[in-house]
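K.L.:
From the sequence below, what's the structure:
(one chain, ligands or ions: 1)
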Amino acid sequence: MKLLAILASGSGSNAEKIMEYFQDSDKATIALVGSNKPEAFVLERAKKFDVPTFTFSRKEMDAGLLLEKLQQEKIDWVILAGFLLKIPVELTRAFPDRMVNIHPALLPKYGGKGMYGSHVHEAVKAAGDKETGITIHLVNENYDEGRIVFQASTPLSDSDTPESIAEKVHALEHKHFPEVIASLL
Ligand code: GAR
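P.N.:
Numbers count the residues shown, from 1 in each chain. Predicted structure coming up:
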């Protein structure tokens, strides 16, 4: 049985889909949900699934507290599902090819600093792109540049707004992320 930790900073709709997917799995279990935001809704979602939670500040993460916790809990894989802090290098090195992130755009477009959540969808709208999508990738020391393991796209029309783009992207994420994680384990 592989032990997975999910890290998330916000609502956690992806985290919920992942917890649902692995609920009865004999392959993997979600052993921990971690967040840098004590008020993040993802922590409520974790409670619903009886998954233990862990909160930490950026400072504590940078000082090694999160790594210590993941090692203590014998975590095999770290899943970033809307986790918005930059991961310390020591953490990426501790999980080589065992840390996976979801990005709400078709990388390498709309990646890098400041490109998260609604900022991405606003940039896609402003550029007038005819499609957008999701990227699931392994995490290396350069945040959005690890090996891409999966992409899926969705067409856009002129009438799409940043909000409707976000909805389309979330639908793709919910559909694919749990299965892609399962295929990597
Ligand atoms: C997701 O769309 C995810 O791709 C994005 O945050 C959202 C979290 O939604 N991640 C990033 O922007 C990372 N750069 P959720 O909390 O409902 O799962």
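K.L.:
What are the buried residues along the longest helix anywhere in the chain?
P.N.:
Criterion DSSP state H: the longest helix present in the chain is helix 162-184. Neighbour counts over helix 162-184 (16 or more other Cβ atoms under 10 Å) mark 162, 165-166, 168-170, 172-174, 176-178, 180-181, 184 as buried. Heads up, the C-betas are built off the backbone N, CA and C, glycines and all.
K.L.:
swap in stretch 47-66?
P.N.:
If you call a residue buried by 16+ other Cβ under 10 Å, then stretch 47-66 has these buried ones: 51, 53-54, 56, 61-62, 66.
K.L.:
Out of those residues, which is nearest to residue 123?
P.N.:
Set against residue 123, the nearest of those by Cβ to Cβ is residue 61 (27.0 Å).
K.L.:
Does that closest one touch residue 36 like I think?
P.N.:
Yes. Assessed by Cβ atoms under 8 Å, residue 61 is found in contact with residue 36 at 6.7 Å.
K.L.:
Need the residues touching each of these two.
P.N.:
Residues touching both residue 61 and residue 36 by Cβ atoms under 8 Å, 6 or more residues apart in numbering: residue 85.
K.L.:
The buried residues of stretch 47-66 into TSV, with extra columns for secondary structure?
P.N.:
What follows is the buried residues of stretch 47-66, written out as TSV (DSSP: H, G, I helix; E, B strand; the rest coil):
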residue	secondary structure
51	coil
53	strand
54	strand
56	coil
61	helix
62	helix
66	helix
